[in-house]
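Starting from these lines, generate the structure:
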Amino acid sequence: MLWRDPETGRQTSLTYDDEREAIVAKKLIEAAGGYVAEANRIAEAIKKPGPTVAQAVAEHIELLTAVGSDTRAHYRQQMTAHIIPTLGIFPVAALSYRQVAGWVADLSKKGLAPKTIANVHGLFSASMATAVRLGYRPDNPCAGVLLPKSQSTSDDMTVLTRDEFMLLLSKVSPYYQPLVLTLVTTGLRWGEATALTAGDVDLVSRPATIRVTKAWKRDENRRWYVGPPKTKRARRTVSLPDDLVDVLFPVVAGKAMDELLFTNTVGAQLQSSRFWTTTWTPALEAARNPRRPDGSPDLDAPRLSKRPRVHDLRHTHASWMIAAGTDLFVLQRRLGHESITTTTETYAHLLPDQQRAAADAASRALAGLTLGTSRTPRVR
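Take a look at the predicted model:
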């Protein structure tokens, strides 16, 4: 195998007895830019016994103890689609920072969203951390690799005012309005709310409550089942406002304790994709483009300018709680976040007191200054 070192221009060669090792070394050295020092390290690493990247990532996924079958299946899909095609055949011991950085750059060139790249890199980095623990290599080659940032100028979070929400709610089918009200007044995730049973609701206690102990999941074959919620913190009891209690009483009435609280119109599991297509999207369209009974545009009617997702009802709930002065630690427990860091990073920008304090601090810093002009000392 011959190539030229980009620094010295000298022709360099390596010889392998095993054709497969030579092919792998060639790809790694090309990815490393052909530098002799890197090539020598790769040459030595390839001769060491140990698993390939594909084997190491698969082993990491199998060793996970705190994930469900749906998450495990999702990780396998990520591995198959985004890790194995580029890095799968390489020995774990031969990987370097340069190869991982090049792989991330290739994912970006292929058009993957920054969030998707971050998720895949997170899986790969965790796999390499496991490889370190198992003695396959001394360090994690993912450490320090910079990930692409989103170029979007819009916020992914859409928060509704009360008037905006009521306008949207008025366009939702009456059958599903109790579910939509529950989502916005409790902050429950979709999978949690639609897995609730009548026995999870206590409408006679003060305050009335909902116990969140389960959520819809998918198994490795993508079949739905009811399992534990997202994290340990997601097991929680959420208090209900009186107005929601009045709405839920007729929903609970007549249901057995183990019956689903919210279902589709034939009493079966309510799936998010179906709800989005048949209920949420038509309601959004009606709220954004109101029409008269004859079908013509109603230019005088209030209209919704935003385009929220169903999940934005959870963000809307959080924003309403913060505006009402709810402590972030209380909000963390209510939303079922595993860490207070998640809560603060997601919603800190909505804290009115902190925003006001920052503005006051800036005002004090500018006190006595005249912007856009210079002051000349007065001569007496």
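
all contacts plus neighbour counts: C-alpha atoms, from now on.
Will do.

separation between residue 91 and residue 273?
Using CA to CA, to the nearest Å, residue 91 is found at 41 Å from residue 273.

the more surrounded of these two?
Each of residue 91 and residue 273 has its neighbours counted (other CA atoms under 10 Å); residue 91 has more, 27 against 10.

any idea how far residue 210 is from that one?
51 Å.

which residues sit against stretch 53-62?
Here stretch 53-62 makes contact (CA atoms under 8 Å, 6 or more residues apart in numbering) with 72, 75-76, 79, 83-84, 87-92, 124, 126-128, 130-131.

Just to be sure, which of those residues are found in helices?
Among those, the ones falling in helices (DSSP state H) are 72, 75, 76, 84, 87, 124, 126, 127, 128, 130, 131.

Quick one: neighbours of the residue nearest to residue 224 when sequence neighbours are not counted, just the number.
Distance criterion CA to CA, 6 or more residues apart in numbering; nearest residue to residue 224, sequence neighbours excluded, is residue 218 at 4.5 Å. By other CA under 10 Å, the residues close to residue 218 number 17.

who are the neighbours in contact with residue 218?
Contacts of residue 218 by CA under 8 Å, 6+ apart are 69, 70, 224, 225.

sorry, back to before: just the buried subset of the ones in helices among the contacts of stretch 53-62, written out for PyMOL, thanks.
To isolate the buried members of these in PyMOL, using 16 or more other CA atoms under 10 Å:
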select buried, resi 72+75+76+84+87+124+126+127+128+130+131
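
secondary structure class for the closest residue to residue 200 other than its chain neighbours?
Spatially, and ignoring its direct neighbours in sequence, residue 200 is nearest to residue 211 (5.1 Å; CA to CA, 6+ apart). Following DSSP: H, G, I helix; E, B strand; the rest coil, we place residue 211 in the strand state.

and residue 211, bridged to which residues?
Here residue 211 sits in beta bridges with residue 237, going by DSSP bridges.

and the most centrally placed residue in the chain, how far is that from residue 124?
Taking CA atoms, centre = their mean, the centroid of the chain lies closest to residue 115, which sits 7.7 Å from it. Distance of residue 115 to residue 124, computed by CA to CA: 14 Å.

Same question for residue 78.
Per CA to CA, residue 78 is found 10 Å from residue 124.

Tell me who's in contact with residue 78.
Contacts of residue 78 by CA under 8 Å, 6+ apart are residue 120.

distance of it from residue 318?
Taking CA to CA as the measure, residue 78 falls 31 Å from residue 318.

ditto for residue 116
Remark: distance between residue 116 and residue 318 (CA to CA) = 25 Å.

Give me the more crowded residue out of the two.
Neighbour totals were compared for residue 116 and residue 318, and residue 318 leads with 27 against 13 (other CA under 10 Å).

other SSEs contacting the helix or strand where the more buried one lies?
Take DSSP states H and E as the rule and residue 318 turns out to sit in helix 312-323. Contacts defined by 3 or more CA pairs under 8 Å, 6 or more residues apart in numbering; DSSP states H and E place helix 312-323 against helix 177-186, helix 328-335.

Following the chain past the first one, name the next helix or strand.
Heading C-terminal from helix 177-186, the first helix or strand you meet, by DSSP H and E, is helix 190-193.

just the CA coordinates of that next one, formatted as PDB?
Below are the C-alpha coordinates for helix 190-193, written out as PDB (Å, rounded to 0.1, in the frame of the first residue of the first chain):
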ATOM      1  CA  TRP A 190     -48.700  12.300  24.800                       C
ATOM      2  CA  GLY A 191     -47.700   8.700  25.600                       C
ATOM      3  CA  GLU A 192     -48.400   9.300  29.300                       C
ATOM      4  CA  ALA A 193     -51.800  11.000  28.800                       C
END
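
helices or strands next to whichever strand or helix holds residue 341 in the packing?
Element membership for residue 341 (DSSP H and E) is helix 340-347. Secondary-structure packing of helix 340-347 (3+ CA pairs under 8 Å, 6+ apart): helix 328-335.

quick one: the helix it packs on to chain centroid distance?
Put simply, helix 328-335 sits 18 Å off its chain's centre (CA atoms, centre = their mean, to the nearest Å).

Run through who's touching that helix.
For helix 328-335, contacts defined as CA under 8 Å, 6+ apart pick out 186-188, 233-234, 236-238, 318, 321-322, 338-340, 343-344.

Give me the angle between the helix holding residue 318 and helix 177-186.
Relative orientation of helix 312-323 versus helix 177-186 (axes from the mean of the first three to the mean of the last three CA atoms, to 10 degrees): 40 degrees.

between helix 312-323 and helix 340-347, how big is the angle?
Using the same axes, to 10 degrees: helix 312-323 against helix 340-347 is 100 degrees.

if we can go back for a sec, got the ones in helices among the contacts of stretch 53-62 as TSV, with distance to residue 206 and pLDDT columns?
Listed next are these as TSV, based on distance: CA to CA, whole Å; pLDDT from 0 to 100:
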residue	distance to residue 206	pLDDT
72	40	88
75	43	94
76	46	94
84	55	94
87	57	88
124	48	97
126	45	96
127	48	97
128	50	96
130	48	97
131	52	96
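
out of the ones in helices among the contacts of stretch 53-62, who's nearest residue 200?
Nearest to residue 200 among these is residue 72, at 28.1 Å by CA to CA.

Identify the residue nearest the closest one in space, chain neighbours excluded?
Ranked by CA to CA, 6+ apart and with sequence neighbours excluded, the top spatial neighbour of residue 72 is residue 61, at 6.5 Å.

Tell me the pLDDT of that neighbour.
On pLDDT, residue 61 comes in at 96.

Is it part of a helix or strand, or is it coil?
Here residue 61 is helix, with the state taken from three-state DSSP.
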